[in-house]
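Chemist: structure for the following, please:
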Amino acid sequence: MITFFRFGKKKEIDRTPARNGAENVLKRETERRFSEEAQADAVRSVKILGSGCSKCRALLESTQTALAEMGIPVSPEYITDLKTVMSYGVMSLPALVVNEKTVSAGKVLKPDGVKDALRGFR
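Modeler: Numbering: from 1, shown residues only. All right, here's what the predicted structure looks like:
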């Protein structure tokens, strides 16, 4: 018998079912926990760009709340220097920047909105 594209010996696959499913549940829980930890580490820096107005401070407070609720150990940086703000190419304030990428501009996000924006980096 001629076989193409199969070099070497065949691998044996263990097809025995797991005992009462507990091993599968443990495996899924472990994978979920590791993925959550990796996702939390994915957010490295959070910056709020603003001019110092009340809307900018409200976005800062919402971001702090969202980071605390999600368990992300990053403290947001509040930037009011206009030259630095302009370097990000943002035309409307306040702006939320995560990992040097502008996520939101011109809106005051609630903590749930900030969480949604941060989930994109997980």
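Chemist: ok now do E100, which residues does it touch?
Modeler: Going by C-beta atoms under 8 Å, 6 or more residues apart in numbering, E100 touches S45. Bear in mind the C-beta positions are built from the backbone N, C-alpha and C, glycine included.
Chemist: which pLDDT value goes with it?
Modeler: Note on E100: pLDDT of 90.
Chemist: what do you get for the one 4 residues further on?
Modeler: Per-residue confidence for S104 comes out at a pLDDT of 93.
Chemist: so the closest residue to it other than its chain neighbours is in which element?
Modeler: Nearest non-adjacent residue to S104, counting by C-beta to C-beta, 6 or more residues apart in numbering: L96, 4.3 Å away. Counting by DSSP states H and E, the element that carries L96 is strand 95-98.
Chemist: ok, that strand: who's next to it in the sheet?
Modeler: According to DSSP bridges, strand 95-98 forms sheet pairs with strand 46-49 (antiparallel), strand 101-105 (antiparallel).
Chemist: residue contacts, the residue nearest to S104?
Modeler: If you count contacts by C-beta under 8 Å, 6+ apart, then L96 has 46-49, 59, 63, 102-105, 109, 114, 117 around it.
Chemist: before we move on, what about A117?
Modeler: By C-beta under 8 Å, 6+ apart, the contact list for A117 reads 96, 98, 103-104, 109.
Chemist: contacting residues around the closest residue to G120 other than its chain neighbours?
Modeler: Of all residues not flanking G120 in the chain, V103 sits nearest, at 7.4 Å (C-beta to C-beta, 6+ apart). With contact taken as C-beta under 8 Å, 6+ apart, V103 is in contact with 96-97, 117, 120.
Chemist: V103 and I79, how far apart?
Modeler: 14 Å (C-beta to C-beta, to the nearest Å).
Chemist: try A42
Modeler: Counting by C-beta to C-beta, the gap from A42 to I79 is 21 Å.
Chemist: how about the helices in this protein?
Modeler: With DSSP state H, the ranges of helices along the chain come out as 22-42, 54-70, 82-87, 111-119.
Chemist: show me which positions of the third one end up buried.
Modeler: Taking 16 or more other C-beta atoms under 10 Å as the neighbour-count basis, helix 82-87 is seen to contain the buried residues V85.
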